[in-house]
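In: Generate coordinates for the sequence data below:
(chains A and B)
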Amino acid sequence: GENVEQHPSTLSVQEGDSAVIKCTYSDSASNYFPWYKQELGKRPQLIIDIRSNVGEKKDQRIAVTLNKTAKHFSLHITETQPEDSAVYFCAASMSGGGADGLTFGKGTHLIIQP
Amino acid sequence: DVKVTQSSRYLVKRTGEKVFLECVQDMDHENMFWYRQDPGLGLRLIYFSYDVKMKEKGDIPEGYSVSREKKERFSLILESASTNQTSMYLCATLSSGKPQHFGDGTRLSIL
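Out: Modelled structure (predicted):
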């Protein structure tokens, strides 16, 4: 089955700096890659997703890039703010929109230092 | 807005008990999922369903079963609870073309 590796497990950045979280996947058939943000005690919430026919997608301060050849994708957060502090999960799916379930990375705890 | 309701936020049960976790959604979504979340392990798929009375095993189905008698309700069943099933359980739903949407989770402790 699919395996998703996520790095780093903890990332501490100064407020205003950029943060990058990286994921690799094992199955070249994967074609949908969402990113979820989970604040303490709350549900995971989708922040951005990308499909395999696109190399990059941006939404305000958040962007995701996908390299299908290398089988890796990354989350970029610019101008980080205190409310960006959370655990971020990448995921992969072979079923287009995740209809057969998502395979998640183990998460990155992002800490924004004031 | 999608609403996914899990019946309990916190649940404490004893080893050997049969445990039911309930999930209800109000958006007529076809697909429903159960994940468990453990520190350092991320979220792992237990079972999913794409229609009433249909079920598929995920990555870690051992020790669990599911039931989907109605489209809006998806139940996770621990036939004989064990301490290694102490975890946060998250239900999610999906409709075609839309991302998965999660419930608030049930923190289950097996003593």
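In: what's the helix or strand harbouring residue B:48 packed up against?
Out: Taking DSSP states H and E as the definition, one finds residue B:48 inside strand B:42-49. Judged by 3 or more Cβ pairs under 8 Å, 6 or more residues apart in numbering or on different chains; DSSP states H and E, strand B:42-49 is in contact with strand A:86-92, strand A:103-104, strand B:31-38, strand B:56-57, strand B:64-70, strand B:73-78. (Glycine included, C-beta is placed from N, CA and C.)
In: Go ahead and flag the most central residue of chain B.
Out: Nearest to the geometric centre of chain B sits residue B:34, at 3.1 Å (Cα atoms, centre = their mean).
In: can the helices and strands packed on strand B:42-49 go into a markdown table with extra columns for mean pLDDT and distance to residue B:98?
Out: Shown next, in a markdown table, are these (pLDDT from 0 to 100; distance: least, Cβ to Cβ, whole Å):
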| stretch | mean pLDDT | distance to residue B:98 |
| --- | --- | --- |
| strand A:86-92 | 97 | 15 |
| strand A:103-104 | 96 | 18 |
| strand B:31-38 | 96 | 10 |
| strand B:56-57 | 96 | 19 |
| strand B:64-70 | 96 | 19 |
| strand B:73-78 | 97 | 17 |
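In: quick one on the thing from earlier: let me see the contact set for the residue nearest to the centre of chain B.
Out: B:21, B:23, B:45-48, B:58, B:64, B:66, B:74, B:76, B:89-92 (Cβ atoms under 8 Å, 6 or more residues apart in numbering or on different chains).
In: Ok, residue A:36 next?
Out: Residues in contact with residue A:36, defined by Cβ under 8 Å, 6+ apart, are A:44, A:45, A:46, A:47, A:88, A:89, A:91, A:104.
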